[in-house]
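Student: Below is the sequence, then the predicted model.
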Amino acid sequence: MRNGHRPLLAATTMAVVTTGVAYLFGPGAAPADSEAKRPAAEAKRPAAEAKPATGQARSAAAHPAAAKQEQACEASPKYPKRQLRGVWIATVHNVDWPSKTGLDAARQQAEYVRILDNAVKRHLNAVFVQVRPASDAIYKSPYEPWSQWLTGTAGRDPGWEPLPFLIDEAHKRGLEFHAWFNPYRAADKDDVSKLPANHPARVHPKWVVKHEGKLYYNPGLPEVRAYTVKVIKDVVQRYDIDGVHFDDYFYPYPGRGTKFGDAAAFTKYGKGMSLAEWRRENVNTLVSQVGAAVHQAKPYLKFGISPFGIWRNKSDDPTGSDTKGLSAYDAIYADAKAWIKSGSIDYVMPQIYWPRGFAAADYAKLVPWWADQVKGTGVHLYIGQALYRVGTKDTAAWTRAGELPAHLTLNRKYPEVRGDVYFSAAQLAKNPLGVLDALVKDHYPRPALLPLVQDRGGRAPAAPTGLTLAGGALSWKSSPEARSYAVYRVTGAKPDACATTDGRNLVAVAPAAPAAVQSFAVTAGGSYLVTALDRLGNESAPATVVLP
């Protein structure tokens, strides 16, 4: 997907140019040679939430006058109350975490915590952590060997179980945790004998295809799809994750022009389709199967994909975008429009890793195109942003600190855009050109609640009760089923029913503590409103207290 070893756009007039190392990375990988050779790394209403009202834990539904006033409230797009703000944490090749192989558990944990703390500092609210880089595991798997990116040796036990720690630390900080899987990458070397003895590619050699020095699982085999679903469902059932995530790797990106060796499977399963149609159908089937399995196991889990930023070019399809780059539909057989239309996914997060005005793929043209694709579908749209390119000399645009913030300003014109995710976590500490400071100042001055995905259900917890102020801290009784609490502060006039309409008064989203009473330190006067949130972000009516 991102960082230094990826194909991207073809030249302005060519649609298929790529590097031979496209296989290695998930979100963000791309070579540093030119802008035109980089990859871009995905009529329903939001789920109902309780309407806020003033007063101690009062419900707007119980007060018709307050509910009527709520209807007149107008939210400012400058202060979004709900917005996904995420970051990818890549483990493959130690891109983000851990920083290198062979670190002890304490060092690995400390590095991860620093990443999370930097995310919270920037008012982010979600992490997308690569738990399966290439048929290996950053967790104790009954099916696949330990990842080499932990110890330096594939299959070697790191001496601790990372995934529960990774999830718990994210949740302690109010960050949603999405487990990121690569479905078809089997190994980054094609010598099967070098893999651990229990590696699926050794146990089932007919499942894999050797292609340009790498090993891939054959997407055309039903048993490969069934196995992939089993691996993902295992994680879903055993760990307290919030979502399942795929990046843009499906069939291999074009490399040296070598044909992908799936002819036998095509002969057996093609059923009269063209090769391209059959390959797209294979990917669509896996996406549908994974979505169904995830939602059947835990209906509240989100499933989404971060595809390459160009579905198809208008020159090849009148419904495509006004671009001139590599087509995911034709080159890697990824049909994001089909996933959106079928409802197999909850969100799509296209990797739009190009600046405004770039001739082959203009950010300002791609965002409205993707917004049109999700309009009226209930599928959420988040934008994959190329934080890793800020400060590079790929184009003049990326040497300017204002380019990336301008992307978010443009996004405000399209209500279908519900947030952004950045590649990658390593850049959070680097803060290239001070761009993160600018993002916080102009776009993330307040925290944000998670967008509500209607089909994932959930319901607002009971409103907080017993809200009081003592010793410089708010305290209130814990609400059953609350995952976190939103704290709002209003100065001047007494808060009305519009006080929680947008994010201008939101000062914190505080994770729920395992105690009968919650508390939050305050340093300024005014009126405070506190609401309870379930794990999906469904919000209760507020409790209110006025400070002297």
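Tutor: Noted; the coordinates are in hand. All of these numbers come straight from a predicted model, not from anything done at the bench.
Student: where does this structure have low pLDDT?
Tutor: Per-residue confidence for the chain (pLDDT under 70) gives these ranges: 1-71.
Student: quick one, domains of it?
Tutor: Taking automatic domain parsing as the reference, the chain has its domains at 35-41+83-455, 60-75+458-546.
Student: and the residue sitting nearest the centre point of the chain, how far is that from Ala336?
Tutor: Among the residues of the chain, the smallest C-alpha distance to the mean C-alpha position (CA atoms, centre = their mean) belongs to Phe128, namely 5.2 Å. Noted for Phe128: a distance of 17 Å to Ala336, by CB to CB, to the nearest Å. Any C-beta I mention is one placed from the backbone N, CA and C, and that applies to glycine too.
Student: Equivalent analysis for Ala226, please.
Tutor: Using CB to CB, we find Ala226 at a distance of 23 Å from Ala336.
Student: what's the answer for Ala263, then?
Tutor: When distance is defined by CB to CB, Ala263 is 26 Å away from Ala336.
Student: Just the buried residues of the one helix or strand Arg279 maps to, please?
Tutor: In this assignment (DSSP states H and E), Arg279 forms part of helix 275-297. Within helix 275-297, the residues that qualify as buried by neighbour count (16 or more other CB atoms under 10 Å) are 278-284, 286-291, 293-295.
Student: List just the nearest of the residues you listed to Tyr444.
Tutor: Val294 (29.1 Å; CB to CB).
Student: thinking again about what came up before, tell me the SS of the residue nearest to the centre of the chain?
Tutor: Classification of Phe128 into helix, strand or coil gives strand, according to DSSP: H, G, I helix; E, B strand; the rest coil.
Student: who's in contact with it?
Tutor: Taking CB atoms under 8 Å, 6 or more residues apart in numbering, we find Phe128 in contact with Pro27, Gly86, Val87, Trp88, Ile89, His178, Trp180, His245, Val421.
Student: same deal with Gly402?
Tutor: If you count contacts by CB under 8 Å, 6+ apart, Gly402 has them with Ala438.
Student: how about the helices of the protein, start to end?
Tutor: Listed in chain order, the helices of the chain (DSSP state H) span residues 64-71, 105-121, 148-151, 162-172, 200-203, 222-238, 263-269, 275-297, 328-331, 336-342, 363-374, 403-411, 426-430, 435-442.
Student: between Ala263 and Ala336, which one's more packed in?
Tutor: In terms of neighbours (other CB atoms under 10 Å), Ala336 is the more surrounded of Ala263 and Ala336; the figures are 28 against 12.
Student: distance of the more buried one from Val367?
Tutor: Ala336 sits 14 Å away from Val367 when distances are taken as CB to CB.
Student: distance between stretch 147-163 and the chain's centre?
Tutor: When distances are taken as CA atoms, centre = their mean, to the nearest Å, stretch 147-163 is centred 24 Å away from the chain's centroid.
Student: Output it as CSV, nothing but the C-alphas.
Tutor: In CSV, the C-alpha atoms belonging to stretch 147-163 read as follows (Å, rounded to 0.1, in the frame of the first residue of the first chain):
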residue,chain,number,x,y,z
SER,A,147,5.6,-13.1,11.8
GLN,A,148,9.3,-12.7,11.1
TRP,A,149,8.9,-8.9,11.7
LEU,A,150,8.7,-9.6,15.4
THR,A,151,11.8,-11.7,16.0
GLY,A,152,13.6,-11.7,12.6
THR,A,153,12.8,-15.4,12.1
ALA,A,154,9.5,-16.6,10.7
GLY,A,155,7.8,-19.0,13.1
ARG,A,156,9.8,-18.0,16.2
ASP,A,157,7.7,-17.3,19.3
PRO,A,158,8.4,-13.7,20.4
GLY,A,159,7.8,-14.7,24.0
TRP,A,160,4.7,-12.7,24.5
GLU,A,161,1.2,-12.4,22.9
PRO,A,162,1.1,-8.9,21.2
LEU,A,163,-2.5,-8.6,20.0
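Student: buried residues in it?
Tutor: Residues Ser147, Gln148, Trp149, Leu150, Thr151, Ala154, Gly155, Arg156, Pro158, Pro162, Leu163 are the ones in stretch 147-163 that count as buried (16+ other CB under 10 Å).
Student: For the second one, list the residues it contacts.
Tutor: So the one you mean is Gln148. Gln148 is in contact with Thr101, Asp136, Ala154, Gly155, Arg156, counting by CB under 8 Å, 6+ apart.
Student: Columns distance to Met349 on top of those, output as a markdown table?
Tutor: Compiled in a markdown table, those are given as follows (distance: CB to CB, whole Å):
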| residue | distance to Met349 |
| --- | --- |
| Thr101 | 29 |
| Asp136 | 23 |
| Ala154 | 29 |
| Gly155 | 32 |
| Arg156 | 33 |
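Student: Which residue, neighbours along the chain excluded, lies closest to Ala119?
Tutor: Leaving out its chain neighbours, the residue that sits closest to Ala119 by CB to CB, 6 or more residues apart in numbering is Val87, at 5.6 Å.
Student: Specify the beta-bridge partners of the one you found.
Tutor: Per DSSP bridges, the residues bridged to Val87 are Val127, Tyr422.
Student: Val453 reaches Lys302, doesn't it?
Tutor: Yes. The criterion here is CB atoms under 8 Å, and Val453 meets it with Lys302 at 6.0 Å.
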